[in-house]
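**Student:** Sharing a model that was predicted from the sequence below.
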Amino acid sequence: MTAEKITTFEMSESEHDEVIDCLRPFITDQRFEVFEDILKKRTRETCVVLEQVANPHNASAVMRSAEAFGLFELHVIPQEGSFSASRNVASGAQKWLDLHMHAQTDKCFDSLRARGYQIWASDLQENALPIEKIDFSKKIALVFGNERDGISEYARKYSDQRFIVPMQGFVESFNISVAAAISIYHVSQARAAQGLKSGLTPKDHKAVLASWITQSVRASHQILQKKGLKVPIIRPQRVRAVE
């Protein structure tokens, strides 16, 4: 019999405490302090949406940038129901993110709006605002579309606003991974400058800590099973790894 896996956000705080107390002796103080320090810098206030991005290397580079700049949520609307990530490019970033899969763009947008996000879509067409015009005081979902066609007509019509990263040269657009990295950095810096950068809730902080420690301890599943404890995972991920 194997230990029961459960999404960490569905567990109680007491269950998180039990997992952390059980596995804490198996990681160093330095590793534990790194987890705590990084968690203090994580935020859900800004998230990224990838709409039908075809190239696994591009999607993986966006995940890596999102994780590096302290974002915690990434939403994916994959092509044909499957999503691939490049193991080499992502460098394990997907392990530290809350990765949400959506079958359709409307379902994704509805879910985000219900949680108070403004939806800003990257678009090269007319009337797209320079990114510095974004209202940074609200929760923001940054949407990036397919490499060839950009965002869908649905995303173009139903996003709250469309934005563009201003350019000074002859080239008309950035690669999606570059555009996403610049956009995430710009929003993160602007929010921090305005004192708006906020971390995870205390409950989420502990939930993620329990799952990160579980990922980091060898044989953690067996250890938790012996104690009769559940295995906390951030979220079931249907991601196919490619080189």
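**Tutor:** Sure, I can see it.

**Student:** part of a helix, is residue 185?
**Tutor:** Yes. Secondary structure of residue 185, determined by DSSP: H, G, I helix; E, B strand; the rest coil: located in a helix.

**Student:** who's in contact with it?
**Tutor:** Contact criterion Cβ atoms under 8 Å, 6 or more residues apart in numbering gives 65, 69 as the residues in contact with residue 185. All C-beta spots, glycine's among them, are computed from the backbone N, C-alpha and C.

**Student:** If we use 10 Å, what do you get?
**Tutor:** Neighbour list for residue 185: 65, 68-69 [criterion: Cβ atoms under 10 Å, 6 or more residues apart in numbering].

**Student:** swap in residue 75?
**Tutor:** Counted by Cβ under 10 Å, 6+ apart, residue 75 has contacts 47-51, 98-102, 108-109, 111-112, 117, 141, 143.

**Student:** just residue 39 next, same as before
**Tutor:** Taking Cβ under 10 Å, 6+ apart, one finds 70, 72, 96, 199-200, 204-206, 208-209, 212 in contact with residue 39.

**Student:** Which ones among these map onto strands?
**Tutor:** When DSSP state E is applied, the contacts of residue 39 are split such that none fall in strands.

**Student:** JSON lines for those residues, including pLDDT and distance to residue 26?
**Tutor:** Conversion of these to JSON lines gives the following (pLDDT from 0 to 100; distance: Cβ to Cβ, whole Å):
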{"residue": "70", "pLDDT": "93", "distance to residue 26": "27"}
{"residue": "72", "pLDDT": "94", "distance to residue 26": "24"}
{"residue": "96", "pLDDT": "88", "distance to residue 26": "19"}
{"residue": "199", "pLDDT": "84", "distance to residue 26": "26"}
{"residue": "200", "pLDDT": "92", "distance to residue 26": "24"}
{"residue": "204", "pLDDT": "95", "distance to residue 26": "23"}
{"residue": "205", "pLDDT": "96", "distance to residue 26": "20"}
{"residue": "206", "pLDDT": "96", "distance to residue 26": "18"}
{"residue": "208", "pLDDT": "96", "distance to residue 26": "18"}
{"residue": "209", "pLDDT": "97", "distance to residue 26": "14"}
{"residue": "212", "pLDDT": "95", "distance to residue 26": "13"}
